[in-house]
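Undergrad: Generate coordinates for the sequence data below:
(one chain, ligands or ions: 1)
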Amino acid sequence: MTRTPIGIFDSGIGGLTILKEIRKRLPEYDYIYFGDNARTPYGTRSFDVVYEYTLEAVKKLFEFGCELIILACNTASAKALRTIQQNDLPRLAPHKRVLGVIRPSTETVLSLTRNNHVGVLGTNGTISSHSYLIELEKISNGKLFVSQEACHMWVPIVENNETGTMGANYFIEKNITNLLETDPEIDTIILGCTHYPILIPSIRKYLPENVLLVDQGPIVAEKLADYLNRHSEIEKKCTKEGSVAYYSTEQAENFEAKATLFMKEKVKATTIQF
Ligand code: DGL
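TA: Numbers count the residues shown, from 1 in each chain. I've put the predicted structure just below:
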């Protein structure tokens with residue numbers, strides 16, 4: 001039988017933090033993970049380039065039979081999602097769906113903050129797009145105080161397996177200090193990049209205990225379950241054999257080594273070339 005997996009896309013291995021939680025919550029579905037590791041990081045790239053790369057990945061996932069794709073990448077969600085949804089989908093595949101990770105995360109942050117002082121950590125691209133600021137402003141009717149910090153080095157740290165090193169901790173401390181200096185009252189911080197949950201043990205070292213750190217994985221998993229419940233026309237097309245296939249634009253062995261470490265199970269991957 002032909003599979004119709006749910007596609008999970010990221011610029012690299014960060015989207016695995018989303019895939020892991022989605023599989024925990026919805027283990028019955030088939031999944032394809034696609035990491036564009038050869039071209040990561042996206043965070044420093046222009047709108048046009050992030051859009052072009054993301055659209056290429058979306059088309060590839062459509063070729064693989066996906067009816068539903070999650071952009072498990074905040075930078076792609078900030079810079080490419082809207083154009084893909086409004087301009088490309090109606091032309092390419094009007095019955096297929098592409099969803100992002102920013103909207104679901106902002107709704108949760110609003111419900112978690114106790115004093116309305118919120119921090120956003122993200123890539124340069126996500127932060128400069130102001131997607132979180134705009135979305136949080138909209139859903140809270142302007143009642144939140146939102147401060148942002150772009151963490152240029154965090155994605156390269158994760159992609160290069162430098163997590164936990166002295167060098168990594170230097171940059172993490174610097175960005176956390178900057179954010180808390182901007183607003184010392186922050187009580188909730190959203191990790192607005194899917195790579196960042198891998199750095200949580202280091203991030204926590206520099207944060208007061210009372211500050212909540214919001215990881216998008218469980219949020220996106222719950223919102224996906226809800227989406228599938230509400231959209232039976234999509235849900236019934238998704239096959240359910242509990243499989244997961246991995247694709248990357250970098251050498252398969254490199255991706256496999258990193259993904260195996262993070263997923264805590266043997267990962268076999270296939271290389272894709274554009
Ligand atoms: N995981 C991507 C995100 O959530 C990282 C983007 C990048 O490659 O810089 O934004």
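Undergrad: if I look at Glu173, how far off is the ligand?
TA: Going from Glu173 to the ligand by CB to the nearest ligand atom, to the nearest Å gives 20 Å. (Each C-beta comes from the backbone N, C-alpha and C, glycine too.)
Undergrad: what's the distance between that residue and Asp183?
TA: In this view, Glu173 and Asp183 are 17 Å apart by CB to CB, to the nearest Å.
Undergrad: Pull out the C-alpha coordinates of stretch 265-274 and format them as CSV.
TA: Provided in CSV are the C-alpha atoms of stretch 265-274 (Å, rounded to 0.1, in the frame of the first residue of the first chain):
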residue,chain,number,x,y,z
GLU,A,265,17.2,4.9,18.5
LYS,A,266,19.1,3.8,15.4
VAL,A,267,18.3,6.3,12.6
LYS,A,268,18.8,5.3,8.9
ALA,A,269,18.7,8.2,6.4
THR,A,270,18.7,8.9,2.7
THR,A,271,20.5,11.8,1.1
ILE,A,272,18.6,14.1,-1.1
GLN,A,273,20.2,16.4,-3.7
PHE,A,274,18.5,19.3,-5.3
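Undergrad: and it, which residues are buried?
TA: Val267, Ala269, Ile272 (16 or more other CB atoms under 10 Å).
Undergrad: Then stretch 157-164?
TA: Residues Ile157, Val158, Glu159, Thr163 are the ones in stretch 157-164 that count as buried (16+ other CB under 10 Å).
Undergrad: swap in stretch 200-207?
TA: Buried, per 16+ other CB under 10 Å, within stretch 200-207: Ser202, Ile203, Leu207.
Undergrad: Go through the helix or strand harbouring Tyr227 and flag the buried ones.
TA: Using DSSP states H and E, the element containing Tyr227 is helix 216-230. Across helix 216-230, burial judged by 16+ other CB under 10 Å covers Gln216, Gly217, Pro218, Ile219, Val220, Ala221, Glu222, Lys223, Leu224, Tyr227, Leu228.
Undergrad: Which strands or helices does that helix pack on?
TA: Packing partners of helix 216-230 (3 or more CB pairs under 8 Å, 6 or more residues apart in numbering; DSSP states H and E): helix 16-25, helix 102-112, helix 232-235.
Undergrad: ok, that helix near the ligand or not?
TA: No - judged by CB under 6 Å from any ligand atom, helix 216-230 makes no contact with the ligand; its nearest approach is 8.3 Å.
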